[in-house]
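# I would like the atomic coordinates for the input below:
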Amino acid sequence: MKLVCVVSSLALALSCGAALAAGDAEAGKAKAAACAGCHGADGNSTAPQFPKLAGQNERYLLNQLKAFKSGKRQDPIMSGQVAALSDQDMADLAAYFSAQQTTPAASDPEAVIRGEEIYRGGITSSDVPSCMGCHGPDGAGNPAAGFPRLAGQHAQYIEAQLLLYRDGKRKSDPAAMMRNIAERLTVDDIKAVSGFIPGLHINEDAIK
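This is a model prediction of the structure:
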């Protein structure tokens, strides 16, 4: 499974490289005003059902905006928000939010032990790979492959997305990778790993 993840990462990076438009973070700042109501002015949402966008890797943000616009990813709010955006608008927004600093968060104390086991070691009995194989030991994600940063993200949002993957309702994952993994997770597994992830911390200076 780890090999599949690495190969998929490389293939995705190569296939998407030419398609990534050059975003202008300064232009994106002005365009982000429409996003502030849900995601916060700097991308740090305070409502746990809405994801933090600040510090998220640029390729992932752009890919998700395109998925919402194409209808590959469904959401009643986002579908309306992206309808009038051009490719340049989406690239600018991705550049802006990726350049912002993510506010730190904490793990759910009740989820730390089981959640960390799943994140770092997977679940051998269910053939579930470790989350860190694709998202990194500190939750930084894989920017080149477009795998998202998880560190500092809201637990409620992570849980909701894993459930959508598990039920086959979110289909924007390359090669159904997340759907194939999430369908082998129980609801308790999802709650545990979702509760652990927010407390992951990244050395921001080390990745600049």
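
# just give me the residue closest to the centre of the chain.
residue 148 (3.6 Å; Cα atoms, centre = their mean).

# distance-wise, check that one relative to residue 33.
Distance of residue 148 to residue 33, given as Cβ to Cβ, to the nearest Å: 24 Å. For glycine as for every other residue, the C-beta is placed from the backbone atoms N, C-alpha and C.

# residues touching the residue nearest to the centre of the chain, list them.
56-57, 60, 135, 141 (Cβ atoms under 8 Å, 6 or more residues apart in numbering).

# any stretches of the protein with poor pLDDT?
1-21, 204-208 (pLDDT under 70).

# so where do the helices sit in it?
Remark: helices assigned in the chain by DSSP state H are 2-16, 25-31, 36-39, 58-70, 76-82, 87-98, 112-121, 132-135, 155-166, 177-182, 187-196.

# quick one: those helices as JSON lines, columns for mean neighbour count and distance to residue 48 too.
Output for these, formatted as JSON lines (neighbours: other Cβ atoms under 10 Å; distance: least, Cβ to Cβ, whole Å):
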{"stretch": "helix 2-16", "mean neighbour count": "14", "distance to residue 48": "28"}
{"stretch": "helix 25-31", "mean neighbour count": "16", "distance to residue 48": "24"}
{"stretch": "helix 36-39", "mean neighbour count": "15", "distance to residue 48": "12"}
{"stretch": "helix 58-70", "mean neighbour count": "21", "distance to residue 48": "18"}
{"stretch": "helix 76-82", "mean neighbour count": "13", "distance to residue 48": "15"}
{"stretch": "helix 87-98", "mean neighbour count": "22", "distance to residue 48": "18"}
{"stretch": "helix 112-121", "mean neighbour count": "17", "distance to residue 48": "16"}
{"stretch": "helix 132-135", "mean neighbour count": "20", "distance to residue 48": "19"}
{"stretch": "helix 155-166", "mean neighbour count": "19", "distance to residue 48": "4"}
{"stretch": "helix 177-182", "mean neighbour count": "20", "distance to residue 48": "20"}
{"stretch": "helix 187-196", "mean neighbour count": "21", "distance to residue 48": "11"}
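
# out of those, which comes closest to residue 203?
helix 132-135 (15.3 Å; Cβ to Cβ).

# can I get that closest one in CSV? Just the C-alpha atoms.
Extracted C-alpha coordinates of helix 132-135, given in CSV (Å, rounded to 0.1, in the frame of the first residue of the first chain):
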residue,chain,number,x,y,z
MET,A,132,1.4,9.5,7.5
GLY,A,133,2.5,7.5,4.4
CYS,A,134,0.8,10.1,2.3
HIS,A,135,0.2,13.0,4.7
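
# show me which of the contacts of residue 148 is closest to residue 128.
Proximity of the contacts of residue 148 to residue 128 was ranked by Cβ to Cβ; the top entry is residue 135 with 13.6 Å.

# was I right to think that closest one contacts residue 142?
Yes. Between residue 135 and residue 142 a contact is recorded at 7.3 Å, counting by Cβ atoms under 8 Å.

# on that earlier part again, just give me the closest of the contacts of residue 148 to residue 103.
Closest approach between those and residue 103, by Cβ to Cβ: residue 56, at 12.6 Å.

# got the contact list for the closest one?
The contact partners of residue 56, by Cβ under 8 Å, 6+ apart, come to 43, 97-98, 102, 141, 148-149.
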